[in-house]
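Participant: 3D, please:
(one chain, ligands or ions: 2)
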Amino acid sequence: MKELMRAPFMVEMIRIVTNMYDHGWDERNGGNVSVLLDENEWKEYLPAVHALRVISTGFAAPELEGKCFLVTGTGKYFRNVQYAPDVNLGIVRLRDGGRNAELLWGFSDGGSFTSEFPAHMMSHAARRKVDPKNRVVMHCHPANLLAMTYVHSLDERAFTRTLWQMCTECIIVFPDGVNVLPWMLCGTNEIGEATARKMETARLVVWAQHGIYAAGRDLDETFGLIETAEKAAEIYLKIAHLPLVNTISDEALHQLEVRFGVKAREGWLAPELRSGPDVRGEAK
Ligand code: 13P
Ligand code: ZN
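Facilitator: Ligands and ions are numbered 1, 2, ... in the order given. Okay, here's the model as predicted:
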């Protein structure tokens, strides 16, 4: 049997959550990550596997029946994952239409998966309908995006346009834009369902006054999505109180679309390619 700690998915997960902590996105137990594991891959590491425990999920997810996830634990600190992966991470397999999860490995102190498991599983189900290669859902509390939700309009088009205007790369990295949920109680099925609905049209979903969700095909790509949006939010906060002299025009954003072969969210660039600043978040 291959050693689980050497599995690429395990090495990557430990590396990425450590990186997230180092970026300051995951204070204390803030944030959570789940990765859908490839069946052929995880079985090489856990061949004669049996359920250590069965944990109720509190929701149904029939699309994910039988699927296996590597997921962070509730109340666990990302900075500790590298020192005790078996305590802070778990591998679970969904059964009974997603109503129960078999613990196959990890959470060795008796712990459980993240309290945001509904948002993760529902987002996986939603994203896989759009992109069957989606495997990762990531949540964290990056300071600049979070701060932006206090001072910027939460209108999704306006919020996205501001981010696109802050760094040239943004429209290339997230042409589908950023969806936004108003403040809601976290850790509930309701916020899970609302997040999954938002995931149908974008890979980034901001939770106002809380943090961000991202979805992607692998950990690097998903991390990069958050990193790019967070950088743009940082630039916004550096300039928002200053008189605006220049910006990236819609004309320029359109040139980026063409040059890099991406399609901006329908209707989110001015149809006649109006240029000019709207950095205060006023939708054009
Ligand atoms: P967990 O410790 O349950 O993962 O919760 C952290 C968090 O960020 C809640 O939104
Ligand atoms: Zn959170």
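
Participant: got a list of what residue 138 touches?
Facilitator: Contact analysis of residue 138 by CB atoms under 8 Å, 6 or more residues apart in numbering lists 20, 31, 32, 33, 213, 214, 215, 216, 219, 222, 223, 226. Every residue, glycine included, has its C-beta placed from N, CA and C.

Participant: now pLDDT and neighbour count too, for those, in JSON lines please.
Facilitator: As requested, the contacts of residue 138 are exported to JSON lines (pLDDT from 0 to 100; neighbours: other CB atoms under 10 Å):
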{"residue": "20", "pLDDT": "99", "neighbour count": "27"}
{"residue": "31", "pLDDT": "98", "neighbour count": "24"}
{"residue": "32", "pLDDT": "99", "neighbour count": "25"}
{"residue": "33", "pLDDT": "99", "neighbour count": "27"}
{"residue": "213", "pLDDT": "99", "neighbour count": "29"}
{"residue": "214", "pLDDT": "99", "neighbour count": "27"}
{"residue": "215", "pLDDT": "99", "neighbour count": "27"}
{"residue": "216", "pLDDT": "98", "neighbour count": "22"}
{"residue": "219", "pLDDT": "98", "neighbour count": "21"}
{"residue": "222", "pLDDT": "98", "neighbour count": "24"}
{"residue": "223", "pLDDT": "99", "neighbour count": "23"}
{"residue": "226", "pLDDT": "99", "neighbour count": "25"}
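
Participant: and those residues, which is closest to ligand 1?
Facilitator: Using CB to the nearest ligand atom, residue 32 is the member of those that lies nearest ligand 1, at 3.8 Å.

Participant: can you give me phi and psi for the nearest residue to the closest one once chain neighbours are set aside?
Facilitator: Excluding the flanking residues, the one nearest residue 32 by CB to CB, 6 or more residues apart in numbering is residue 114, at 3.7 Å. Torsion angles at residue 114 (phi, psi; degrees, to the nearest 10) stand at phi -50, psi 150.

Participant: report how many residues lie close to residue 114.
Facilitator: By other CB atoms under 10 Å, the residues close to residue 114 number 23.

Participant: would you agree it is in contact with residue 73?
Facilitator: Yes: counting by CB atoms under 8 Å, residue 73 is a contact partner of residue 114 at 6.7 Å.

Participant: can you read off the pLDDT for residue 280?
Facilitator: Residue 280 carries a pLDDT score of 45 in this model.

Participant: residue 9: how many residues sit nearby?
Facilitator: 20.

Participant: wait, isn't it in contact with residue 44?
Facilitator: No: counting by CB under 8 Å, residue 9 stays clear of residue 44, with 10.8 Å between them.

Participant: would you map the helices across the chain?
Facilitator: Applying DSSP state H to the chain gives helices spanning 8-22, 39-45, 78-81, 85-88, 117-130, 143-151, 156-166, 170-173, 189-199, 219-239, 250-260.

Participant: same for the fifth one, what does it pack against?
Facilitator: Using 3 or more CB pairs under 8 Å, 6 or more residues apart in numbering; DSSP states H and E, the elements in contact with helix 117-130 are strand 32-36, strand 68-72, strand 136-140, helix 189-199, strand 211-216.

Participant: other residues contacting it?
Facilitator: Outside helix 117-130, the residues that touch it by CB under 8 Å, 6+ apart are 32, 34, 36, 57-59, 61, 63-64, 67, 69, 71, 94, 98, 101, 114, 134, 137, 139, 187-189, 191-193, 195-197, 199-200, 203, 205, 213, 215.

Participant: what's the mean pLDDT across that helix?
Facilitator: Helix 117-130 shows a mean pLDDT of 98 in the predicted model.

Participant: and the angle for it with strand 211-216?
Facilitator: 40 degrees (axes from the mean of the first three to the mean of the last three CA atoms, to 10 degrees).

Participant: same deal with the last one?
Facilitator: If you take the same axes, to 10 degrees, helix 250-260 sits at 30 degrees to strand 211-216.

Participant: all set now, cheers.
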